[in-house]
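J.: just coords:
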């Protein structure tokens, strides 16, 4: 029985589970903000923004699968949800206390997430087909979130909070 690793002993597994919980909440924020911007303000924001793309960037916006508002609002919602993720991952997942290195960690957090934003927005935008319905939108959002989650966990564990994730986790 000495070779059996328990939940209590496996800091990496606990951190990954906590990261996924924080990520799930951040995803709810991400998708909720996106939905409010894209659907909630459809006439006030989505239509005018897509019209702006059609007049300003006609070569790009003329593609039948191009939906500039979808991508812009996806980037905004992802960036806002990232703030939530930084706070809870720093405090709860990796159990970092105090203010030392917080600015450095925030800069690193955003660097990892900017790359994640690119991955997230690219994946979602490639799957999304304008007018294809809710299932297509959800598939685009879910696939982008899943792909980005793996990138973000590795980036934050190995780069953002490197050296701090070895702190004894008592939860």
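T.: Nice, I can see it. All values derive from a computational prediction rather than experimental measurement.
J.: measure how far the strand or helix carrying residue 122 is from the centre of its chain, please.
T.: Following DSSP states H and E, the helix or strand that holds residue 122 is helix 102-127. Going by C-alpha atoms, centre = their mean, to the nearest Å, the spacing between the C-alpha centre of helix 102-127 and its chain's C-alpha centre is 7 Å.
J.: could you give the average pLDDT over it?
T.: Averaged over helix 102-127, pLDDT sits at 90.
J.: who are the packing partners of it?
T.: Secondary structure elements in contact with helix 102-127, counted by 3 or more C-beta pairs under 8 Å, 6 or more residues apart in numbering; DSSP states H and E, are helix 68-88, helix 134-155. Bear in mind the C-beta positions are built from the backbone N, C-alpha and C, glycine included.
J.: distance to residue 45, mean pLDDT and mean neighbour count added to the ones you listed, as CSV?
T.: CSV is the format used below for the helices and strands packed on helix 102-127 (distance: least, C-beta to C-beta, whole Å; pLDDT from 0 to 100; neighbours: other C-beta atoms under 10 Å):
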stretch, distance to residue 45, mean pLDDT, mean neighbour count
helix 68-88, 7, 89, 20
helix 134-155, 16, 91, 17
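J.: which one, of these, ends up nearest to residue 126?
T.: Proximity of the helices and strands packed on helix 102-127 to residue 126 was assessed by C-beta to C-beta; the nearest stretch is helix 134-155, lying at 8.0 Å.
J.: chain center to the closest one: distance?
T.: The offset between the C-alpha centroid of helix 134-155 and the centroid of the whole chain comes to 8 Å, using C-alpha atoms, centre = their mean.
J.: same for it, what does it pack against?
T.: Counting by 3+ C-beta pairs under 8 Å, 6+ apart, the elements that helix 134-155 packs against turn out to be helix 11-35, helix 68-88, helix 102-127.
J.: so what pLDDT did residue 2 get?
T.: At residue 2, the predicted lDDT confidence score is 55.
J.: just the helices and strands packed on helix 134-155: most buried one?
T.: helix 68-88 (a mean of 20; mean count of other C-beta atoms under 10 Å).
J.: which residues are in contact with that one?
T.: 22-23, 25-27, 29-34, 37-38, 45-47, 49-50, 52-53, 57, 60-61, 105-106, 109-110, 113, 116-117, 120-121, 124-125, 128, 130, 141, 144, 152 (C-beta atoms under 8 Å, 6 or more residues apart in numbering).
J.: now the angle from that helix to helix 102-127?
T.: On the basis of axes from the mean of the first three to the mean of the last three C-alpha atoms, to 10 degrees, helix 68-88 is oriented at 150 degrees to helix 102-127.
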